[in-house]
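Asks: sequence isn't available, so here's the structure alone:
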């Protein structure tokens, strides 16, 4: 760490991440973590879209049930 002029904890984190990515140490790899984050964002957006569609369908169903004048 002194030779690289970085904090020892930063270097320890980099080594741990590299060992995990190489399969030396069990854990979630960087690629897997990125994919999980991407899928979580997608799920959030799909849930938001689903809520909007449910609200819209309830609104239009109420319009259809309303008696004509």
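Replies: Right, received. Where do you want to start? Because the structure is predicted, anything quoted here is derived from the model rather than measured. Numbering: from 1, shown residues only.
Asks: longest helix in this structure, by residue count?
Replies: With DSSP state H applied, the helix covering the greatest number of residues in the chain is identified as helix 30-65.
Asks: and that one, what other elements does it pack with?
Replies: On a contact count with 3 or more C-beta pairs under 8 Å, 6 or more residues apart in numbering; DSSP states H and E, helix 30-65 meets helix 8-21. Bear in mind the C-beta positions are built from the backbone N, C-alpha and C, glycine included.
Asks: now the angle from the helix it packs on to helix 30-65?
Replies: Here the directions of helix 8-21 and helix 30-65 differ by 80 degrees (axes from the mean of the first three to the mean of the last three C-alpha atoms, to 10 degrees).
Asks: sorry, back to before: run the chain-centre distance for the longest helix of the chain.
Replies: Here helix 30-65 is found 14 Å from its chain centre; the criterion is C-alpha atoms, centre = their mean, to the nearest Å.
Asks: please identify the buried residues of it?
Replies: Using 16 or more other C-beta atoms under 10 Å as the burial criterion, none of the residues of helix 30-65 qualify.
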